[in-house]
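> Here is a sequence together with a model predicted from it:
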Amino acid sequence: MPGPHDLGGRNFGPVNRAEHARSEWDNRVDAILKLMLDGRRFRVDELRRAIESLPERDYMTFSYYEKWLAAIRLLVVEKGLLSEQEIDGRLAALRHGAAA
């Protein structure tokens, strides 16, 4: 059964080909990916597999860079670089600091 990334034959209307500016957040995700794609942490084919393995709801609703970030998180955990608990703990600390 094809995954949500296999969109061949579906009609989503015209493609918006207009250039758009990347946000600061987009640039940060791009920088994180470039640091991780050094050949020692993970490769671009692994990133693609991780993106294509996203649940359909996430794949269809996430932005381009949200898909990248979700895939990076998946690979970081798969490869044992960080655990889900470490990531969640750091995110909680950052949220707490932002709220203060």
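Done, it's in.

> can you give me the helices in the chain?
Under the criterion DSSP state H, the chain carries helices at the ranges 24-36, 44-52, 56-61, 64-78, 84-99.

> can you state the direction angle for the first one and helix 64-78?
In other words, helix 24-36. For helix 24-36 against helix 64-78, the angle by axes from the mean of the first three to the mean of the last three CA atoms, to 10 degrees is 40 degrees.

> next one: helix 24-36 to chain centre, how far?
10 Å (CA atoms, centre = their mean, to the nearest Å).

> What's the local residue count around the closest residue to Phe62 other than its chain neighbours?
Closest residue to Phe62 apart from its sequence neighbours, by CB to CB, 6 or more residues apart in numbering: Ala70 at 6.4 Å. Glycine gets a C-beta too; all of them are placed from N, C-alpha and C. Using other CB atoms under 10 Å, the number of residues around Ala70 comes to 18.

> Quick one: residues contacting Ala70.
For Ala70, the contact set (CB atoms under 8 Å, 6 or more residues apart in numbering) comprises Ala50, Ile51, Leu54, Asp58, Phe62.

> any idea how far it is from Gln85?
Separation of Ala70 from Gln85 (CB to CB, to the nearest Å): 18 Å.

> Check Ala98 too.
On the measure of CB to CB, Ala98 and Gln85 end up 20 Å apart.

> rewinding a little: which of the contacts of Ala70 are buried?
Ala50, Ile51, Leu54, Phe62 (16 or more other CB atoms under 10 Å).

> Pretty sure the third one sits against Lys67.
Yes: taking CB atoms under 8 Å as the contact criterion, Leu54 and Lys67 are neighbours in contact, 6.5 Å apart.
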